[in-house]
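Engineer: Quick one, structure for this:
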Amino acid sequence: MTKWLNSLQPCGALVMRLVLGIAMATHGYGKVIPHGALNHYTHYIASLGIPYWLGYVSAFTEFVGGILLILGLLTRFAAALIAINMLVAFFFVGIHQGSGIYSYILALAALAIMLTFYGAGALALDRRLGFA
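Structural biologist: A predicted model of the protein is given here:
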């Protein structure tokens with residue numbers, strides 16, 4: 001059974017990448033694309049006591065990082081940035097919002113940390129381009 005499960009590791013990495021990538025790209029899209037959303041988000045970040053320019057970093061990390069994870073391109077770098085973003089979100093937002101949101105944020109952070117350590121897996125552009 002162990003050999004069979006080990007043979008499915010590339011599929012597991014793909015599922016982790018897709019789940020985290022879709023979640024991040026979806027959340028990031030709402031902060032970057034609609035007219036005025038990025039300005040609104042940076043003001044929200046500033047209201048938390050964080051420098052407003054980190055709102056730009058956060059929004060683009062979620063959107064572009066999510067897309068990179070879906071593609072499996074620069075996976076470890078994108079996952080590391082997303083992990084940092086999610087941990088900051090946990091400490092500044094999630095902890096005050098209740099268990100529903102902070103458990104979700106921690107789950108996303110855990111996925112990002114796992115992908116940072118494990119890499120994209122065999123079914124990724126990283127592997128095809130020689131980045132892995």
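Engineer: number of nearby residues for T61?
Structural biologist: 20 (other CB atoms under 10 Å). For glycine as for every other residue, the C-beta is placed from the backbone atoms N, C-alpha and C.
Engineer: cool, A46 as well?
Structural biologist: 14.
Engineer: any idea whether it is helix, strand or coil?
Structural biologist: Here A46 is helix, with the state taken from DSSP: H, G, I helix; E, B strand; the rest coil.
Engineer: Please verify my assumption that it contacts S58.
Structural biologist: No. Here A46 does not reach S58: they are 11.7 Å apart, not a contact under CB atoms under 8 Å.
Engineer: Please spell out the segments of this structure that come in under the pLDDT threshold.
Structural biologist: 95-96, 98 (pLDDT under 70).
Engineer: Got the phi and psi for the most centrally placed residue in the chain?
Structural biologist: Nearest to the geometric centre of the chain sits I82, at 3.9 Å (CA atoms, centre = their mean). Note on I82: its backbone torsions stand at phi -70, psi -40 [degrees, to the nearest 10].
Engineer: can I assume it is in contact with L20?
Structural biologist: Yes. Here I82 reaches L20: they are 6.9 Å apart, a contact under CB under 8 Å.
Engineer: okay, and the common contacts of those two?
Structural biologist: The contact sets of I82 and L20 overlap at G66, L69, L108, A112 (CB atoms under 8 Å, 6 or more residues apart in numbering).
Engineer: from what I can see the first one touches V19, true?
Structural biologist: No. In this structure, G66 sits apart from V19 without contact. The criterion is CB under 8 Å, and the distance is 10.5 Å.
Engineer: Between those two, tell me which one has more neighbours.
Structural biologist: Using other CB under 10 Å as the criterion, G66 and V19 rank with G66 on top: 23 against 15.
Engineer: Can you classify that one by secondary structure?
Structural biologist: helix.
Engineer: Quick one: residues contacting it.
Structural biologist: Going by CB under 8 Å, 6+ apart, G66 touches L20, G21, I22, A23, M24, A25, T26, H27, G28, I82.
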